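K.L.:
Quick check, what structure comes out for this input:
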Amino acid sequence: MKREDVAKQYTTPVGAPAYVKGPHRFTDREYLNITYRTDRDALVKVVPEPLEVDEPLVRFEVMAMPDTTGYGAYVECGQAAVVRHGSERGEYLIGMYLDNLPAIAAGREISAFPKKLGSARLFIDSDTLVGTLDYGSLRVATATMGYKHKPLDLEQARQEVAVPTFMLKVLPGYTGEPRICELVRTQIANLTVKGAWTGPARLQLFEHALAPFADLPVREIVSASHILTDLTLAPAVLVYNYLAEQDESAASTPLMDFSRA
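P.N.:
Numbers count the residues shown, from 1 in each chain. Sure thing, here's the model as predicted:
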């Protein structure tokens, strides 16, 4: 393979890439969202500067994606903190769990989605919308909501889905130290809300060492929504470079004069 051909590749393995290039269009993407109040001290520990926490609110989400260009069909579960960056309110993605390799690889490599292997489900059980997450053979989360009890304002639903989203992109170099350590921002584009509902909801989180949803315990359910959409993911943009700050700090530190030792 010529050097110029190598440079044209966008992921590995070459010849059988883990994912295809976007944009990726999601048709009939369905959300179960439960926003809850948690312990402030616990939330502040996992939200990186320069993001700030005004209220200790967390959004738990389960998303069913039955028709996605390039990725196929899968279900995903995530946890996001409600944050502020300067004057802009948004969410910081803490963790996302799914069982679709292309979506995991692309999410981590192209953007900074904190994706990890897990098994999520979204289904109707009689008159209840149910979202679950299993890590291996163990249950991590169970969410329930009354199915389509009340319509939700479509504009309110649009704002909920299209909220600015912040993520950490951390990639190690060959010494084990971070080669990339950045805060990035993205926002869903080309969004169509096809239906939205609200109703009573409950959320159970179970302790797990490798899927630590329960580190942010549920203290109060604030809101719940069930939203059906078509949308496209937008590229991530750099907000803050943690390594650049370290480089500037190192450059401003005087070198020691060993000639006088």
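K.L.:
how close does Pro178 sit to Tyr242?
P.N.:
To Tyr242, Pro178 is 8 Å away according to CB to CB, to the nearest Å. Yep, even glycine has a C-beta here, placed from its N, CA and C like the rest.
K.L.:
do the same with Glu182
P.N.:
Distance, Glu182 to Tyr242, using CB to CB: 7 Å.
K.L.:
cool, and His149?
P.N.:
44 Å.
K.L.:
the bottom helix or strand of the protein by mean pLDDT?
P.N.:
Between all helices and strands in the chain, the lowest mean by mean pLDDT, DSSP states H and E belongs to helix 242-251, at a mean of 68.
K.L.:
Now do the contacts for the residue nearest to the spatial centre of the chain.
P.N.:
When CA atoms, centre = their mean is applied to the chain, the residue found nearest the centroid is Leu93 (3.9 Å). Counting by CB atoms under 8 Å, 6 or more residues apart in numbering, Leu93 touches Gly78, Gln79, Ala80, Phe113, Pro114, Thr165, Phe166, Met167.
K.L.:
Ok, Asn33 next?
P.N.:
Counted by CB under 8 Å, 6+ apart, Asn33 has contacts Arg59, Phe60, Glu61, Glu160, Ser223, Ala224, Ser225, His226, Ile227.
K.L.:
What is the nearest of those to Arg25?
P.N.:
Minimum separation from Arg25 among the contacts of Asn33 (CB to CB) is found for Ile227, which lies at 17.0 Å.
K.L.:
Need the contact partners of the host helix or strand of the closest one.
P.N.:
Assigned by DSSP states H and E, Ile227 belongs to strand 220-232. Around strand 220-232, the neighbours that count as contacts under CB under 8 Å, 6+ apart are 23-37, 57, 129, 145, 147-148, 152, 157, 160-161, 188-203.
K.L.:
now these: which count as buried?
P.N.:
Burial of the contacts of strand 220-232 was assessed by neighbour count (16 or more other CB atoms under 10 Å); the buried members are 24, 26, 29-37, 57, 129, 145, 148, 152, 157, 160-161, 188, 191, 193, 196-199, 201, 203.
K.L.:
Contacts for stretch 161-171 next, please.
P.N.:
Under CB under 8 Å, 6+ apart, the answer for stretch 161-171 is 31, 48, 51, 80, 83, 85, 88-93, 111-114, 178-188, 191, 193, 227, 229, 231, 236, 239.
K.L.:
For it, output the C-alpha coordinates as PDB.
P.N.:
Extracted in PDB, the C-alpha atoms of stretch 161-171 (Å, rounded to 0.1, in the frame of the first residue of the first chain):
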ATOM      1  CA  VAL A 161     -33.300  16.400  22.500                       C
ATOM      2  CA  ALA A 162     -31.300  19.100  20.900                       C
ATOM      3  CA  VAL A 163     -29.600  20.400  24.100                       C
ATOM      4  CA  PRO A 164     -25.900  21.200  23.700                       C
ATOM      5  CA  THR A 165     -23.800  18.200  24.700                       C
ATOM      6  CA  PHE A 166     -20.300  18.200  26.200                       C
ATOM      7  CA  MET A 167     -18.000  15.200  26.300                       C
ATOM      8  CA  LEU A 168     -14.400  14.400  27.200                       C
ATOM      9  CA  LYS A 169     -12.100  13.000  24.600                       C
ATOM     10  CA  VAL A 170      -9.200  11.200  26.200                       C
ATOM     11  CA  LEU A 171      -6.800   9.100  24.000                       C
END
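K.L.:
Now the residue lying closest to Tyr36 once chain neighbours are set aside: which helix or strand?
P.N.:
Leaving aside its sequence neighbours, Tyr36 sits nearest to Val218 (CB to CB, 6 or more residues apart in numbering; 4.8 Å). Per DSSP H and E: Val218 is located in neither a helix nor a strand.
K.L.:
likewise Tyr36?
P.N.:
Going by DSSP H and E, Tyr36 is in strand 25-37.
K.L.:
Pairing partners for that strand, with directions?
P.N.:
Paired strands of strand 25-37, with direction, are strand 57-68 (antiparallel), strand 220-232 (antiparallel) (DSSP bridges).
K.L.:
Just list the residues touching Ile124, thanks.
P.N.:
Val130, Tyr147.
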